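Novice: everything below, folded, please.
(chains A and B)
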Amino acid sequence: MIHSLKISSYRGFSQFEMSELGRVNLLVGTNNSGKTSVLEALFLLASVNEPSSALWRVVSRRGERLYLDTPPRQAEIEFDVSHLFHNHEMKVGTSFSIATKNKSSSRSVKFEIQERKLDERHKTTEETGPQPIFLVITQTSSYGPPIHPPGLLQLTRRGGLRSEALESPRRVQRSLSAPDASTVQFISTESLSMDELLVMWNQITLTEAEQRVVGAIKFLEPKVQRIAPIVGTPPFYYTGRGGFVVKLSNIEQPIPIGSLGDGTWRMLALAIALSRAKDGILLVDEIDTGLHYTVMADMWRLISETAKVLNVQVFATTHSYDCVHSLAAICRSEADEGSAVTLQRIDASKKKSVPFTENEIKIAAERQIEVR
Amino acid sequence: MSRGALNRMLVEGQEDKFSIIQLMKHHIDWPEDKSLYPVTIELGGSAEEILARGFLTTKLKSSEVNILGVVLDADDNCDERWNRLRTLCIGLFPEMPAKLPATGLIVDNDDGKRFGAWMMPDNLSRGMLETFLRFLVPEMSEPILLHAKASLSTAREKGAPCRECHVDKALIHTWLAWQDPPGESFGRALTRKILDPHAAAAKPFVKWFSSLYRI
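Specialist: From the prediction side, this is the model:
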């Protein structure tokens, strides 16, 4: 379990530290305080075997593309990685890094812009001008020497990242798995897509985890008896929230899960992703999205209990007062040191987050103290 | 947000709150409009509730506070109360002194927060708000106050149920009962200068309050 996190020169953070982390951590702060950036940083670090595709997911989710004069073809879309760097400044030598400490180990990842000579075999005739630039990904772990050779992502002349760079032969090798690699699941504000959920569903079907997911949906709709994916129809047939049906106790035929509302989809994503994050990390941006305040305490109980059983560490963000105060439902007043649940207030202009213990979260709820 | 929104003060009760506001009105600019108050004074409940584990730290870490002042009655034991306060807050303010300064506590931390504490009456003696106010009785009224004191003793000898720990309260209320108009609240007595807001005994508190909130 991660005890502390240190971020250097990533997005809005010059230097930032978060400590006293617990099993369930709720991140609060004003707009643009950097909550999502903290989740991204954890995602980039935890995606130890796939740092380049994690990076791709981060920039594409934010839509950080380079603007072109003419409409590009799909293959020519360039993502603008400069926004990952503090103050959006990217030149040779600039870097950002993320490091975490556990009880007995530490791990870090550094992304640096470097000029490098290309191997002869990759050279093309036009590459006689300036040296090509790369985004170099270096991972270290206290378990021993660097886990992988550094990952190299070639950038275009304008500093853009194309999808073909991810396919280059010098990307981080997938086959080498780090000894302390962990699973990481990231649920953004848009939740998970149907495709993603279907893949995960296949992995939990007919297991205990499936029961847990049905239990979670019951918090929102007690009449739900079963959930099932629709097989045999290609996924593109469904849009948005298709792909799953539910059986309600009072209706004979199954109904599409999309008919039950946003909260159900959100809870489904949460419950499935949590089950798939065993021994790893679950990251959830704006966890309260679509959920009525009356179910939030149940949601926290589900997360807290499942996270404990499956050894998952959870990091979530929120702006919601109800979400913060319902967190008190899983807090113990006697817990001060070594809290299993923490609230962390984030402010990009400060060097450290402000951590609240379980007891303090309870007091904030009871005495209506504003901690966001 | 008003200028005083992030300047907060916790007190034990309504009388403390209005006494402090009316006293400070004679010394600093304090508009009538509540939204423009330079400091937001809140009722924190009893001393036990204010000193409940986790309350002050949550308040200090909260986003609604930049400067937090606490005014507590010393009651029987100023040192004991100070030690509890110190133990609760030293994690956030490592520079808390071992002894409560006679001028009141003001400490800052790296997070940009400021914390202040005052134990009524004077950060040293046993007592409460009423003990502090007793010293704001104008000098010319001192004989009346002595007479009130004697009367209070007599009344207690005759079986008045007033407890020993409440003698300071009973004394100031008795004295106020004999003023014109009789029986004003502490706040109104300060507004009408029945109690002297410029008395020498008020100065250290006024100075502490102004320095704490940088007024």
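
Novice: burial count for A:Ile187?
Specialist: 23 (other Cβ atoms under 10 Å in any protein chain shown). Just so you know, the C-beta spots here come from the backbone N, C-alpha and C atoms, and that holds for glycine as well.

Novice: strands of chain B, start to end?
Specialist: Assigned by DSSP state E, the strands in chain B fall at B:7-11, B:40-43, B:67-73, B:105-108, B:114-120.

Novice: could I get the ones you listed as JSON lines with distance to chain A and mean pLDDT?
Specialist: Below are the strands of chain B laid out as JSON lines (distance: least, Cβ to the nearest Cβ, whole Å; pLDDT from 0 to 100):
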{"stretch": "strand B:7-11", "distance to chain A": "10", "mean pLDDT": "97"}
{"stretch": "strand B:40-43", "distance to chain A": "10", "mean pLDDT": "96"}
{"stretch": "strand B:67-73", "distance to chain A": "11", "mean pLDDT": "98"}
{"stretch": "strand B:105-108", "distance to chain A": "15", "mean pLDDT": "98"}
{"stretch": "strand B:114-120", "distance to chain A": "15", "mean pLDDT": "98"}
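
Novice: Throw those strands into a markdown table and include mean neighbour count, thanks.
Specialist: Listed next are the strands of chain B as a markdown table, based on neighbours: other Cβ atoms under 10 Å in any protein chain shown:
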| stretch | mean neighbour count |
| --- | --- |
| strand B:7-11 | 23 |
| strand B:40-43 | 16 |
| strand B:67-73 | 24 |
| strand B:105-108 | 18 |
| strand B:114-120 | 24 |
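
Novice: in chain B, which residue is most central in space?
Specialist: By Cα atoms, centre = their mean, chain B has its centre lying nearest to B:Val71, at 4.8 Å.

Novice: report the contact partners of that one.
Specialist: Residues in contact with B:Val71, defined by Cβ atoms under 8 Å, 6 or more residues apart in numbering or on different chains, are B:Met9, B:Leu10, B:Val11, B:Glu12, B:Asp16, B:Ile20, B:Ala117, B:Trp118, B:Met120.

Novice: that one bridge partners, please.
Specialist: Per DSSP bridges, the residues bridged to B:Val71 are B:Trp118.

Novice: how much space separates it from A:Gly258?
Specialist: 57 Å (Cβ to Cβ, to the nearest Å).

Novice: next one: A:Asp80
Specialist: Counting by Cβ to Cβ - A:Asp80 and A:Gly258 are separated by 34 Å.

Novice: so what's the closest residue to chain B within the stretch 101-250 of chain A up against?
Specialist: Here the residue of the stretch 101-250 of chain A nearest chain B is A:Lys101; by Cβ to the nearest Cβ that distance is 20.6 Å. By Cβ under 8 Å, 6+ apart, the contact list for A:Lys101 reads A:Ile2, A:His3, A:Ser4, A:Lys6.

Novice: buried ones from these, can you make that a PyMOL selection?
Specialist: Selection of buried members from these for PyMOL, criterion 16 or more other Cβ atoms under 10 Å in any protein chain shown:
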select buried, chain A and resi 2+3+6
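
Novice: which positions in chain B make contact with chain A?
Specialist: When proximity is defined as Cβ under 8 Å from any Cβ of the partner chain, chain B approaches chain A at B:Ala52, B:Arg53, B:Gly54, B:Phe55, B:Thr57, B:Thr58, B:Lys59, B:Lys61, B:Ser62, B:Ser63, B:Glu64, B:Asp111.

Novice: so which bits of the helix of greatest length in chain B are buried?
Specialist: Assignment by DSSP state H gives helix B:142-157 as the longest helix of chain B. Within helix B:142-157, the residues that count as buried by 16+ other Cβ under 10 Å are B:Leu145, B:Ala148, B:Lys149, B:Ser151, B:Leu152.

Novice: what's the answer for stretch A:344-354, then?
Specialist: Buried-residue list, stretch A:344-354, by 16+ other Cβ under 10 Å: A:Gln344, A:Arg345, A:Ile346, A:Asp347, A:Ala348, A:Lys350, A:Ser353, A:Val354.

Novice: tell me the least confident of the residues you listed?
Specialist: In terms of pLDDT, the lowest of these is A:Ala348, showing 84.

Novice: mind checking what secondary structure it has?
Specialist: Of the three states, A:Ala348 takes coil under DSSP: H, G, I helix; E, B strand; the rest coil.

Novice: isn't it right up against A:Tyr10?
Specialist: No: contact criterion Cβ atoms under 8 Å: A:Ala348 and A:Tyr10 do not qualify, at 10.3 Å.

Novice: identify the contacts common to the two.
Specialist: What both A:Ala348 and A:Tyr10 touch, as defined by Cβ under 8 Å, 6+ apart, is the set A:Phe16, A:Ser37.

Novice: what's the helix or strand of chain A with the lowest mean pLDDT packed up against?
Specialist: One helix or strand of chain A scores below all others by mean pLDDT, DSSP states H and E: helix A:163-166, with a mean of 75. Contact analysis of helix A:163-166 by 3 or more Cβ pairs under 8 Å, 6 or more residues apart in numbering or on different chains; DSSP states H and E lists helix A:51-61, strand A:151-154 as its packing neighbours.

Novice: would you agree A:Leu274 falls within a helix?
Specialist: Yes: membership of A:Leu274 in a helix is supported by three-state DSSP.

Novice: assumed A:Thr294 was part of a strand.
Specialist: No: using three-state DSSP, the assignment for A:Thr294 is helix, not a strand.

Novice: pLDDT below threshold where in the stretch 1-150 of chain A?
Specialist: A:72, A:74-75, A:118-129, A:144-148 (pLDDT under 70).

Novice: going along the chain, name the strands of it.
Specialist: A:4-10, A:13-18, A:24-28, A:78-80, A:95-101, A:106-115, A:133-141 (DSSP state E, counting those that start in this stretch).

Novice: what's next to the fourth one, contact-wise?
Specialist: Think strand A:78-80. Contacts of strand A:78-80 (Cβ under 8 Å, 6+ apart): A:56, A:59-60, A:64-66, A:68, A:72, A:156, A:158-162.

Novice: may I ask which two of those are separated the most?
Specialist: For the contacts of strand A:78-80, with distances taken as Cβ to Cβ, the pair at the greatest spread is A:Trp56 and A:Leu68 (18.5 Å).

Novice: residues from chain A in reach of chain B?
Specialist: So chain A meets chain B at A:333, A:336, A:345, A:350, A:352, A:354, A:356-357, A:359-360, A:362-364, A:367, A:369-372 (Cβ under 8 Å from any Cβ).

Novice: and the residues you listed, which of them are buried?
Specialist: The buried subset of the residues of chain A next to chain B - by 16+ other Cβ under 10 Å - is A:333, A:345, A:350, A:354, A:356-357, A:359-360, A:362-364, A:369, A:371-372.
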